[in-house]
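Undergrad: here's my sequence, what's the structure:
(chains A and B)
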Amino acid sequence: MSLKDQVAVVGIGLTYAAPDEAVAVGDLAILAAEAALDDAGLDRRDIQNLAWATGAGDPGGMAAAMGVPEVSFSANLTSGASGAGSLMLAATSINAGFGDVCLSVISFQPIPAGGARTSSAYRANFVAGPGAYGGAMAAAPEDAFTTPAGISSQGATQALIANRYLHEHKVPREHLGEVVVNQRANAGDSLTMAEYLSAPLIVGPLSAYDCTPDFEGGFSAAVITTTAARARDLKQPVVLIGGAVTGGTPSHATPFQMPAASFGSSGHRDLAAPLYEMADVGAQDVDVALIDDDFSPMVLMQLEDYGFCDFGEAGDYVARGNTRLEGGKVPVNPHGGNLSRAYVKGLNHVFEAVEQLRGTARNQVAGADVALVTGSPASIPLSAVILRKA
Amino acid sequence: MTTTEPAAKPFRNMPAPVLSDPYADARTQPFWDAAKREELVAPKCGNCGTFRMPPTRFCANCLSEELVYEPIPGTGTVFTFIVVRHPLNPRAADYVPFMPAAIDADGAPGIRFISNVVDCEPEDVKIGMRVKVVWNHVNDALTLPFWAPA
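TA: Just a heads-up that it's a prediction; the model follows:
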């Protein structure tokens, strides 16, 4: 069963809360959902399906809190699934006939200003085992084989993959810098290569610039999807879901057994072929790419996995200006991405893709008809979606 | 179960101790018993012969629960590594830099040991370099394998 062009994104909404604002994560999500419904010209009573990536609370609880009269479909993806993945779930639910209108949302609890977490490099990972860094969490006996090594953050895990990638393809750190500098330029921030290179490595080969800052405050993004037929009668230009996939190779998630051939990759090469086949497009057709960018090396690896350039050549590809907003062949993250802003799990990338295809983006890519959005590199399920102008 | 306070540093550039006993069960204890004798063993499916690390209950290849520990030479190659320079926890501050690594151990194809390269400087560690196991006797209960330049 192909999802090709069956379902459309018809509404998008974003909300923020200041770090000192006491806003519940669920309430922030309702505000984002209201904004997305308003954008679509629909009402909360039209919602029948709830399709979440992770990190948005309980769908049923939110339906009750915002007065959705009856729910036909309610599901949540697993693990580190990202915004692109929630569109796969949304399109699947509508295409299967469970209901016509689906809400997808992601919401973040405000982090207090000056809180301990300041960068994705420090997001805890593998922190298990009695006494591990003072923790009292119960641990499986298997954990004793990793915990002592001190690989205790997502940044550290990403750095293990990145170092192998840099080694295999003889990629200099300047190429990671190109990703960072390029996205900062798109976001309107000035960062020079010299500044990038002079930053201390916090978990070599990564510096803080290679990791997303944590968002100090609350954030929520919501997307409304419906059938392509119904979309034509609504407020906005129609943006179709050309293809949507989730999945990947499970062994990709563990450094213990990950095959050498795919270790230095984002894991997305498994998804690219079925995604392009479903949407009947190729890399050459993509006008703008919203690449999940929690860590800079994953941007390079995904450019290769999605066929924008050969394996090992993404650094050169970026360095030659192919991904720049101004004059680039495939502008990547024209909104600046998470690297320039904050870690917000991917629905912001969907939001930006929809604005690009509507022609209303702040940093508009001229003639953007086809957008690629990717999510969650290097953790299962990976996700990706092709969006296109009807 | 108590946490070992940072104390003795038998190796250069080793990570802060986070375990004071192997936190094992009957399935994993043979690995730690061998470590105390300074013998490196690799967990392997007793049915189909697939190495499995960590030694989970079921073999991902054949779902057998059979598990054997095969002695291996204690030499290997650095597959990838990182240099932790900024400690996640203040208690690790006295231990940076240290170099977590994934090691391809000779005699155990298909798995890697997630451990540390010690007794050298960060800039001396290279992917592909040969290493040998060295033993960190944390206390009477726990001995941990590290890897040093061969």
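
Undergrad: just the strands in chain B please.
TA: Using DSSP state E, the strands of chain B run over residues B:41-45, B:67-71, B:75-81, B:83-84, B:99-105, B:113-117, B:130-137, B:143-149.

Undergrad: contacts made by the fourth one with the rest, please.
TA: Counting by CB atoms under 8 Å, 6 or more residues apart in numbering or on different chains, strand B:83-84 makes contact with A:150, A:156, A:201, A:203-205, B:15, B:96-100, B:122, B:125, all of which sit outside it. Backbone N, C-alpha and C define where each C-beta goes, glycine included.

Undergrad: again, 7 Å this time
TA: A:Gly150, A:Ala156, A:Leu201, A:Val203, A:Gly204, B:Val96, B:Pro97, B:Phe98, B:Met99, B:Pro100, B:Pro122 (CB atoms under 7 Å, 6 or more residues apart in numbering or on different chains).

Undergrad: just the buried ones from those residues, in PyMOL syntax?
TA: Burial among the contacts of strand B:83-84 is assessed by 16 or more other CB atoms under 10 Å in any protein chain shown; the matching PyMOL selection reads:
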select buried, (chain A and resi 150+156+201+203+204) or (chain B and resi 96+97+98+99+100+122)
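
Undergrad: as TSV, the contacts of strand B:83-84 with pLDDT and distance to A:Ser82 would be great.
TA: Formatted as TSV, these follow (pLDDT from 0 to 100; distance: CB to CB, whole Å):
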residue	pLDDT	distance to A:Ser82
A:Gly150	85	27
A:Ala156	87	20
A:Leu201	92	27
A:Val203	90	22
A:Gly204	90	27
B:Val96	91	31
B:Pro97	94	32
B:Phe98	94	31
B:Met99	96	31
B:Pro100	95	26
B:Pro122	96	33
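
Undergrad: what would the strands of chain B look like in a markdown table with distance to A:Leu77?
TA: Formatted as a markdown table, these follow (distance: least, CB to CB, whole Å):
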| stretch | distance to A:Leu77 |
| --- | --- |
| strand B:41-45 | 32 |
| strand B:67-71 | 33 |
| strand B:75-81 | 29 |
| strand B:83-84 | 31 |
| strand B:99-105 | 28 |
| strand B:113-117 | 27 |
| strand B:130-137 | 39 |
| strand B:143-149 | 37 |
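
Undergrad: so for A:Ala22, which of those sits nearest?
TA: A:Ala22 lies closest to strand B:83-84 among those, at 35.6 Å (CB to CB).

Undergrad: and the closest one, average pLDDT?
TA: Strand B:83-84 shows a mean pLDDT of 94.

Undergrad: stretch A:51-60 now?
TA: Across stretch A:51-60, the average pLDDT comes to 79.

Undergrad: which outside residues touch it?
TA: A:25-26, A:29, A:50, A:71, A:74-83, A:85-86, A:89-90, A:93, A:102, A:104-107, A:345-346.

Undergrad: in strands, which of these fall?
TA: The strands, defined by DSSP E, take in A:Leu50, A:Ser74, A:Ala75, A:Asn76, A:Cys102, A:Ser104, A:Val105, A:Ile106, A:Ser107 from these.

Undergrad: can you check the pLDDT for the third one?
TA: According to the model's per-residue confidence, A:Ala75 sits at a pLDDT of 91.

Undergrad: tell me what it is bridged to.
TA: On the basis of DSSP bridges, A:Ala75 is bridged to A:Ala51.

Undergrad: surely it is in contact with A:Leu89?
TA: Yes: here A:Ala75 reaches A:Leu89: they are 5.8 Å apart, a contact under CB atoms under 7 Å.

Undergrad: more neighbours: those two, which one.
TA: A:Leu89 (25 against 15; other CB atoms under 10 Å in any protein chain shown).

Undergrad: per-residue pLDDT, the more buried one?
TA: The model's pLDDT for A:Leu89 equals 94.

Undergrad: now swap in A:Ala368 and tell me
TA: 97.

Undergrad: tell me the contacts of the spatially most central residue of chain B?
TA: In chain B, the residue lying closest to the centroid (CA atoms, centre = their mean) is B:Ser115, at 4.0 Å. Contacts for B:Ser115 (CB under 7 Å, 6+ apart) come out as A:Ala149, B:Ala101, B:Ile103, B:Pro145, B:Phe146, B:Trp147.

Undergrad: how about those, which pair is most distant?
TA: Farthest pair in the contacts of B:Ser115 (CB to CB) is B:Ala101 and B:Pro145. Separation: 11.6 Å.

Undergrad: for B:Thr75, see how far away the residue nearest to B:Ala93 when sequence neighbours are not counted is.
TA: Nearest residue to B:Ala93, sequence neighbours excluded (CB to CB, 6 or more residues apart in numbering or on different chains): B:Pro87, at 4.9 Å. Per CB to CB, to the nearest Å, B:Pro87 is found 30 Å from B:Thr75.

Undergrad: looking at the two, which is more packed in?
TA: B:Pro87 (21 against 16).

Undergrad: phi, psi for the more buried one please.
TA: Main-chain dihedrals, B:Pro87, degrees, to the nearest 10: phi -70, psi 140.

Undergrad: repeat for A:Val332
TA: phi -110, psi 130.

Undergrad: quick one: which of the strands of chain B is nearest A:Arg232?
TA: Comparing the strands of chain B against A:Arg232 with CB to CB, the closest turns out to be strand B:75-81 (50.8 Å).

Undergrad: how far does stretch A:271-281 sit from its chain's centre?
TA: From the chain centre to the centre of stretch A:271-281 is a distance of 18 Å (CA atoms, centre = their mean, to the nearest Å).

Undergrad: for the residue in the stretch 201-350 of chain A positioned nearest to chain B, give the beta-bridge partners.
TA: Here the stretch 201-350 of chain A gets closest to chain B at one residue, A:Gly204, 3.4 Å apart by CB to the nearest CB. Counting by DSSP bridges, A:Gly204 forms beta bridges with B:Val83.

Undergrad: just to revisit the earlier point, whichever of the contacts of stretch A:51-60 end up buried, select them in PyMOL.
TA: To isolate the buried members of the contacts of stretch A:51-60 in PyMOL, using 16+ other CB under 10 Å:
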select buried, chain A and resi 25+26+29+50+71+74+76+77+80+81+82+83+85+86+89+90+93+102+104+105+106+107+345+346
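
Undergrad: strands of chain A, start to end?
TA: A:7-17, A:49-52, A:73-76, A:102-108, A:201-204, A:206-207, A:218-227, A:239-247, A:288-290, A:370-375, A:382-389.

Undergrad: give the residue farthest from the middle of chain B.
TA: B:Cys62 (25.3 Å).

Undergrad: pretty sure that residue contacts B:Gly46?
TA: No: counting by CB under 7 Å, B:Cys62 sits too far from B:Gly46 to count as a contact (10.1 Å).
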